[in-house]
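> only geometry, no sequence info:
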C-alpha cells in the first residue's frame, strides 16, 4: 500500500503537480438491527480504494478509484492533475495557500482489547434481542429498536513533502430505544454505548441489558409526564445532551471554512467571523472549550488528519472569549496561523478532505461541585438528559433543542418526569447564562457518529465531552 501511494504521488509530480498526496483506505462496516423480538437487518461491507489530491497550476485537483493495480493508481493520479489544470482556468488570483508542516511518519492504532469483528453476529443479535425482551415486559411499551455498528478503517498516506504514515482505527457503538404508546400518544426513551474508538469491551462495559427495564419504565412514565409551562427556567444539562448543543452551536460555528464562507451549501456559515477573534464574548467566564484530537477513544483521534498534520489539543474559547478555530493547512493562514490544527478529514477514499469538527469539550469546573450539589442549589429548573430534536439557523446563532428525558427541579429536589419540551436561545446569550459547571469527577465524553457536511455530502465522527452544567433563565416551551 505504501508503494502504491508513492507511485501515485510520483506520477502526479512528473505531470506537473507542485504538491500531491495519496490516501488508500480499507474500510469494513458491520451493523445489526433488531425490532422488538426479531432481527430487522444485518449489513457487512468492505470498501477499498485510493484518493489522490494535488495542487497544479495554482488549483486543486482530486481523483479517486477502487483500482489498486499499478496502472490503475497511475490513471487516478494523472486524472487528479488533469482536474487541477482544468480548475486552474478559473483559479483564485493568489492560488492555493498551503501552510508548512513537518513530514509525518509512523503508525497509529486504536487501543482496544477485543476485536468487535471477532464477536459472532449471533452474540450481537442475542444481546439486542435480550434487551428487547426485557423492555417489552414493561407495561405500555410497544416497540423496541436496537442497533449495533462497528467499523475498522485502515489508512495509508504519503505526500510529496516526505510524509508517510498509516493508521488503524476501530469504532464501536450500540444503542436501543423503547417506545411506550397510549392511544394516539407515543413517547420514547433510549440508551447507548456511545460511539467510541474502541473494541467490543466498550459494549461490554455499558450496562445495556441491566438498564433495559429502567429505560422501558421511563418511556412509559413519559406518557403521564407533567406538562411544562412556557417561560424561562433554569436548565441543568447532562453531558449526553450537551454533546449535541456544543456540536451545533460551537463545533460547526468554529470551523474556519464556514467562517470564511467557503462552506455554506449544507448547513450555513458562521456568526463567529475572524474580525471577532480575540474579542467575541461567546459565553460566561466559566466557558472554556478545548479541541483535543489526542483524546483517548475520541472519534476524531486518528493520529494524523488527511493533511498529514498530527493530532493536537488547543483552546477555541477561553474564559468565554473566542480565541481560535478549527483549521486545515489551506485556511489557517487566514487568521495568521503558521500551522494547521489538523482538522481536515475525508469520510472515504472517494471523498476529498474538508475541515471537520475535532473532539470538542467543555472543560469542567475548577471548584468542587457535584451534580447533587448543583441540583440542591436550583430552585426552579429542569434537568435534561439525552439528545432530541434540534434546529439552528444558517449562522449558528438562533437555535432550538429538545432532549430525551426531562425532570422538574423544585426547591433543590428532582421531581417527576415532564412531557417533551424544547428550549430556545441565541448562542451567545445561552452560553453567557452558564453559571455553574460540575468538576472533573463528572466529566463524560459522548461520540457523534453521523455529522453531515459538504457538497457532495460527507459523514464524519467526533466526540464531545462535558460535566453537567447549569444555564439560568432559558426560554422553554412544550414540544
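Yep, that arrived. The structure presented is a predicted model; accordingly, all values stated were derived computationally and were not measured.

> what pairs with the one helix or strand residue 232 maps to, and is each one parallel or antiparallel?
Under the criterion of DSSP states H and E, residue 232 resides in strand 231-237. Using DSSP bridges, strand 231-237 pairs in its sheet with strand 380-385 (parallel), strand 469-478 (antiparallel).

> looking at the ones you listed, which is buried most?
strand 380-385 (a mean of 22; mean count of other Cβ atoms under 10 Å). In this view, the C-beta of every residue, glycine as well, is placed from N, C-alpha and C.

> Now do it: everything it contacts.
The set of residues external to strand 380-385 that reach it, using Cβ atoms under 8 Å, 6 or more residues apart in numbering, is 228, 233-238, 240-241, 375, 403-410, 414, 418, 421, 423, 470, 476.

> The closest residue to residue 361 other than its chain neighbours: which element?
Closest residue to residue 361 apart from its sequence neighbours, by Cβ to Cβ, 6 or more residues apart in numbering: residue 465 at 3.9 Å. Applying DSSP H and E as the criterion places residue 465 in strand 458-466.

> Packing partners of that strand?
Packing partners of strand 458-466 (3 or more Cβ pairs under 8 Å, 6 or more residues apart in numbering; DSSP states H and E): strand 185-196, helix 239-246, strand 360-362, strand 444-453.

> Check which element follows the shortest one along the chain.
It stands for strand 360-362. Next along the chain after strand 360-362, with elements defined by DSSP H and E, is helix 371-376.

> sorry, back to before: and the strands paired with strand 231-237 as CSV, adding distance to residue 67 and mean pLDDT?
Formatted as CSV, the strands paired with strand 231-237 follow (distance: least, Cβ to Cβ, whole Å; pLDDT from 0 to 100):
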stretch, distance to residue 67, mean pLDDT
strand 380-385, 48, 97
strand 469-478, 51, 98
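
> Out of those strands, the one nearest residue 162 is which?
strand 469-478 (44.5 Å; Cβ to Cβ).

> between that closest one and helix 239-246, how big is the angle?
80 degrees (axes from the mean of the first three to the mean of the last three Cα atoms, to 10 degrees).

> List of residues touching strand 469-478?
Counting by Cβ under 8 Å, 6+ apart, 227-228, 230-237, 242, 362, 374, 378, 381-382, 419-425, 430, 433-438 sit against strand 469-478.

> Can you list the buried residues in the lengthiest helix in the chain?
Determined from DSSP state H, the single longest helix within the chain is helix 70-87. For helix 70-87, burial by neighbour count (16 or more other Cβ atoms under 10 Å) applies to 72-85, 87.

> what mean pLDDT would you report for it?
Averaged across helix 70-87, the pLDDT comes to 97.

> Name the surrounding residues that touch that helix.
Contacts of helix 70-87 (Cβ under 8 Å, 6+ apart): 4, 7-9, 11-12, 15-17, 20, 22, 50, 52-57, 59-65, 67.

> cool, and stretch 346-353?
Counting by Cβ under 8 Å, 6+ apart, residues outside stretch 346-353 touching it are 23-25, 27, 47-51, 53, 60, 62, 64, 66, 305-307, 328, 344-345, 354, 454, 456, 458-460.

> sorry, back to before: of the contacts of helix 70-87, keep whichever come out buried.
Buried among the contacts of helix 70-87 (16+ other Cβ under 10 Å): 4, 7-9, 11-12, 15, 17, 20, 22, 50, 52-57, 59-65.

> Many thanks, I have nothing further to ask.
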